[in-house]
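J.: I'd like to go over a predicted model; first the sequence, then the structure.
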Amino acid sequence: MSYSNKLSRFEQLILPHLDAAYNLARWLTNHDQDAQDVVQEASLRAFRAFDTFYGENGRAWLLTIVRNTAYNLLQKNKPSRLATPFDEELHGSSGPVESATPMTLLRGAEEERNLRAAVEELPVEFREALILRHQDGLSYREIALIAGVPTGTVMSRLARARARLKEFLARGIREEEAS
Amino acid sequence: MMMGPFATETNQPATLQFDSFASVAISREIGRVLSHNFSLAASHMVLFQQLKAQHAVDAALSRLLPNLTRWLNSMRQRTRRSLKNFALKHCEETRRSLDAFLDNELDPLKALEIERHLQVCAVCAQTYETQRAAGKLAKALPRYQAPAVLRERILLALRASEESGPLPSISS
């Protein structure tokens, strides 16, 4: 395969999944610049190995490489980014309420920030399963292939990640009742 | 001479007359009394037998009744318990498969089974709703878009890699 041929095929099959790749990297690293670096390195690695790609699922292939590249980075930066410690300032839901902002909008934005913080607190494996399942709509099997674990592990990680989200929901309801 | 009840004034032997006349009456009388007694006795006997039978039945019933009640109660309890176990078993199975059910990872038959259970079990239906809400929450997480410059940078790097050979790596 000539170089230009390879490049155009790569652009056709792999690059359309850049958004999915970035999204995964962003959720795994919890950091924009890190995510960009991860996706760039992963893309170059993918391109280098593109001759060995015979599959039809370009997205899953790219996501696998992105995932492993992200883990390498996390491993290197350990322990600062593997798990963000809970920070009341950053993750806490209480805070001064600006009176000018409509309550509902504020609640929506605050809610989203809290939710994101709740997910970012999850161990990276749980985050990964949650994102691949709910944002990329991948099956247990596909997630298992990407993460290199048995399907049962994917299921238990998903269950635990969702349990955390349920806690988040319950906390929201309790706060609503209290106010 | 003593005048017995059967004596006659004639010299004729009394026995003949007595025999032919009185014995019939007596025997008739005896027969009547006897038969009366017999029928009385017999009817008493029947009555007695009936009472005895009745009593036996009563006794048997009264002996049986507590047992019967106990047996009925135990059956009722056993049924209740097995129903409960049955439901629990179904609940357990449902809870175990709820995630896979929500993720469309179950085979259609199993999924139908879960659907059926959710229709009849309020507790599991509640769990299902919470689980579904958590899934919705996960779906509502922000989806990050790759910055436009990233794509450009990658294309540039790909073209550059043709000339420069080995790739620079962030993890090296």
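T.: Ah, there it is.
J.: can we go C-alpha only for contacts and neighbour counts from here?
T.: Fine.
J.: and B:L156, how many neighbours?
T.: Neighbour count for B:L156, taken as other C-alpha atoms under 10 Å in any protein chain shown: 11.
J.: which SS class is it?
T.: Counting by DSSP: H, G, I helix; E, B strand; the rest coil, the backbone at B:L156 sits in helix.
J.: which pLDDT value goes with B:D19?
T.: With respect to pLDDT, B:D19 scores 62.
J.: what parts of chain A come near chain B?
T.: A:3, A:7, A:18-20, A:22-23, A:26, A:36-38, A:40-41, A:43-45, A:47, A:72-73, A:76, A:112, A:115-116, A:130-131, A:134-135, A:139-140, A:155, A:159, A:162-163, A:165-166, A:169 (C-alpha under 8 Å from any C-alpha of the partner chain).
J.: for ChimeraX, write the select line for the buried members of those.
T.: A single ChimeraX command suffices to select whichever of those are buried according to 16 or more other C-alpha atoms under 10 Å in any protein chain shown:
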select /A:7,18,19,20,22,23,26,36,37,38,40,41,43,44,45,47,72,73,112,115,116,130,131,134,135,139,140,155,159,162,163,165,166,169
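J.: let's see which of the residues of chain A next to chain B end up in helices.
T.: In helices, defined here by DSSP state H, the members of the residues of chain A next to chain B are A:3, A:7, A:18-20, A:22-23, A:26, A:36-38, A:40-41, A:43-45, A:47, A:72-73, A:76, A:112, A:115-116, A:130-131, A:134, A:140, A:155, A:159, A:162-163, A:165-166, A:169.
J.: just how off-centre is the helix or strand where B:T130 lies within its chain?
T.: Remark: B:T130 resides in helix B:122-139, with elements defined by DSSP states H and E. Remark: helix B:122-139 is offset 35 Å from the chain centroid, using C-alpha atoms, centre = their mean, to the nearest Å.
J.: how about stretch A:166-174?
T.: The answer for stretch A:166-174 is 22 Å, by C-alpha atoms, centre = their mean.
J.: elements contacting the longest helix seen in chain B?
T.: Secondary structure of chain B per DSSP H: the longest helix is helix B:14-102. Under the contact criterion of 3 or more C-alpha pairs under 8 Å, 6 or more residues apart in numbering or on different chains; DSSP states H and E, helix B:14-102 touches helix A:151-178, helix B:108-120, helix B:122-139.
J.: ok, of those, where does mean pLDDT dip lowest?
T.: Taking the mean pLDDT of the helices and strands packed on helix B:14-102, helix A:151-178 comes last: a mean of 86.
J.: who does it touch, helix- and strand-wise?
T.: Helix A:151-178 packs on helix A:103-121, helix A:124-134, helix A:140-147, helix B:14-102, helix B:122-139, going by 3+ C-alpha pairs under 8 Å, 6+ apart.
J.: per-domain residue ranges of chain A.
T.: Under the assignment automatic domain parsing, the domains of chain A span A:1-83, A:86-179.
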